[in-house]
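Undergrad: need the 3D shape of this:
(4 chains)
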Protein chains: 2
Amino acid sequence: MANKPPFTSVWARETPPRRGRDQPALSRGQIVRAALEILDAEGMEALSMRKLGAKLGAGATSLYWHVANKDELLELCLDEVLAEARVPGPQGERSWRDAAAVFAYGMRQTMLRHPWVAPLLGVLPSFGPNALAVTGALTVAFERAGFTGRILHYATGAVVSYTLGATTPEVSWLNMVAGSDVSADEWLDTLRKQVEVAAADYPDLLARHRAQDYSDMGITKSLTFDFGLVALLDGLEVRLRHHLDEAGPPPQSAQSSAPPSSPTEDAAAGRG
Amino acid sequence: MANKPPFTSVWARETPPRRGRDQPALSRGQIVRAALEILDAEGMEALSMRKLGAKLGAGATSLYWHVANKDELLELCLDEVLAEARVPGPQGERSWRDAAAVFAYGMRQTMLRHPWVAPLLGVLPSFGPNALAVTGALTVAFERAGFTGRILHYATGAVVSYTLGATTPEVSWLNMVAGSDVSADEWLDTLRKQVEVAAADYPDLLARHRAQDYSDMGITKSLTFDFGLVALLDGLEVRLRHHLDEAGPPPQSAQSSAPPSSPTEDAAAGRG
DNA sequence: GATATGCATCGGACAGTGTGCGAGTGGTTT
DNA sequence: AAACCACTCGCACACTGTCCGATGCATATC
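TA: Now for the predicted structure:
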């Protein structure tokens, strides 16, 4: 309390507008909203607590009153953005295939619109209300169609997995393009050259790579996504019928002679 | 603000010729190997350049002579660990379904054994020699089976997407358990309670959640993975037959009335 | 009115991080 | 001998997430 360095008058210091008691300057929702703005505008690595605090006209550490840590904040942001993927209307009448398509395309759209969610989805735990609602809608539709018990979760899980796995790399690609300041075409060019070098030892790979049509990446990606989704749904439909008939042995496993180990053996991997 | 112009992947640069004395103290391979040890033993966030340098008895910044930056190092590590997923034997005789299973289970095993790769796969560009070899084997088998042109890439892409999307959350789960110091069961308990709270407003969700059997997570996950994979392969098989017959219109899209937008519209999402 | 209690905010500090820069080292070539 | 080179390293910079203790302010209590 010795000396407040240079003299600053009390009056010179503008006092921040303190609001009433029941309405503190910062709120969790406000913080999340501001964080979303930064994330959408500048991407994941642009979000720092200090920056977020500054955007809200608050100190960086003030945020920690409303949010435990940065990870928790990201969890909140993730679920918040998942609200977009929710479908409001009556979904009871939809076929399970339509429901799956709604889910898959909705998720994909959301991820494309908010590229920063891709690395988070599947890595952060997703138990927020919106996440539950989205997957819940899918599950309800599948259940109504006749999927029950384990099969129900298997089937929905497969759709979720495919959607995630198909969209994540796509989004990463867009992220890179957006992150640099060169056009997508230039990017593609350098990419082709890179593969050319990397695949120099695999002539057949190289040939296929050269033959591939890399133009119109966006459309290609969309078609790829749709193709895989329909294929998966077709496969699920077969299984649904088998399941409804309640007869016949469960269809054989995917492993015949292939895998290096049993599918049930590796439950306990991890690090020491 | 990471990558300005065209983020050249490691694989694009050919290694400069060595001119000096036979072996310098540090080598790229040695660095990658040491990094892998840290990653496998302590996970992703335990890897810092200083720590890695110390492990090699070298200064932190010495590494930057052999490796452009940390991202490039991770790219190298990723591809290095993908060598495990390569199948050495003759793969020409395998059916395409077997090849797909080999790929999917091999990938899954690798990811489970090295949990840190999960967040990287699909986010980092994968053009390393091992990545190319692994997906190449899959592509070759599919091509031999009759998949050609676009369909070939669609089909392999679907398998890759599913494998990635299904395994990533599973690995994340294991990561969390391993990262904390509570047992998997305790974790599961607190998780259930969280869902209980989060899903309080959705009685049917809650009921399903209560009914679900969460024990033996590892086995459940394995069965889920297998189920989805087989379903997807079944769907692909249908498409392969259609494609071989060369007749009939391409099967209809997954979208009937559902999706919020056309599948080809959203190619240019991103940030400004 | 004076005082105590609580929520909310803030500045400073700590232990890290990745990495640019310039100096230094020892062997190879001219 | 001098120049060159591949290579290593210490320092420093800007920046990160987050803990801690001090401060203000609004209300409940005396």
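Undergrad: where's the closest residue in space to A:Leu240 that isn't next to it in sequence relative to A:Ala155, distance?
TA: Once flanking residues are discounted, A:Leu240 sits nearest to A:Gly146: 5.8 Å by C-beta to C-beta, 6 or more residues apart in numbering or on different chains. Placement of C-beta: from N, CA and C, glycine included. Between A:Gly146 and A:Ala155 the distance is 10 Å, computed by C-beta to C-beta, to the nearest Å.
Undergrad: look at these two and report which has more neighbours.
TA: Taking neighbours as other C-beta atoms under 10 Å in any protein chain shown, A:Gly146 and A:Ala155 compare with A:Ala155 leading, 30 against 13.
Undergrad: what sits against the more buried one?
TA: By C-beta atoms under 8 Å, 6 or more residues apart in numbering or on different chains, the contact list for A:Ala155 reads A:142, A:147, A:236, A:239-240, B:227-228, B:231.
Undergrad: which of those sits closest to A:Met176?
TA: B:Gly228 (28.6 Å; C-beta to C-beta).
Undergrad: please tell me I have it right and that closest one contacts A:Thr163.
TA: No. Contact criterion C-beta atoms under 8 Å: B:Gly228 and A:Thr163 do not qualify, at 11.6 Å.
Undergrad: flag every residue of chain A that's near DNA strand C.
TA: A:16, A:24-26, A:53, A:57-62, A:64-66 (C-beta under 7 Å from any atom of the strand).
Undergrad: returning to that earlier point: name the residues contacting each of A:Gly146 and A:Ala155.
TA: Here A:Gly146 and A:Ala155 have A:Leu240 as joint contacts, going by C-beta under 8 Å, 6+ apart.
Undergrad: between which two of the residues of chain A next to DNA strand C is the distance greatest?
TA: Maximum pairwise distance in the residues of chain A next to DNA strand C, criterion C-beta to C-beta, is 18.3 Å, between A:Pro16 and A:Tyr64.
Undergrad: ok, these two, which is more surrounded?
TA: When A:Pro16 and A:Tyr64 are compared for neighbours, A:Tyr64 comes out ahead with 15 against 9, by other C-beta under 10 Å.
Undergrad: mind checking how far the more buried one is from A:Gly157?
TA: 36 Å.
Undergrad: angles on the backbone of the residue nearest to A:Leu240, please.
TA: Here is the backbone geometry of A:Gly146 (degrees, to the nearest 10): phi 120, psi -10.
Undergrad: list the contacts of A:Phe227.
TA: Counting by C-beta under 8 Å, 6+ apart, A:Phe227 touches B:151, B:154-155, B:158, B:239.
Undergrad: check A:His66 too.
TA: A:His66 makes contact with A:26-28, A:31 under the criterion C-beta under 8 Å, 6+ apart.
Undergrad: could you identify the most distant pair in those residues?
TA: So, these by C-beta to C-beta: farthest apart are A:Leu26 and A:Arg28, at 8.1 Å.
Undergrad: which one of the two has more residues nearby?
TA: Comparing A:Leu26 with A:Arg28 by other C-beta under 10 Å, the one with more neighbours is A:Leu26, at 18 against 13.
Undergrad: pretty sure the more buried one is touching A:Gly53, no?
TA: No. In this structure, A:Leu26 is not within contact of A:Gly53 by C-beta under 8 Å, at 9.1 Å.
Undergrad: what do those two both touch?
TA: Counting by C-beta under 8 Å, 6+ apart, the shared contacts of A:Leu26 and A:Gly53 are A:62-63.
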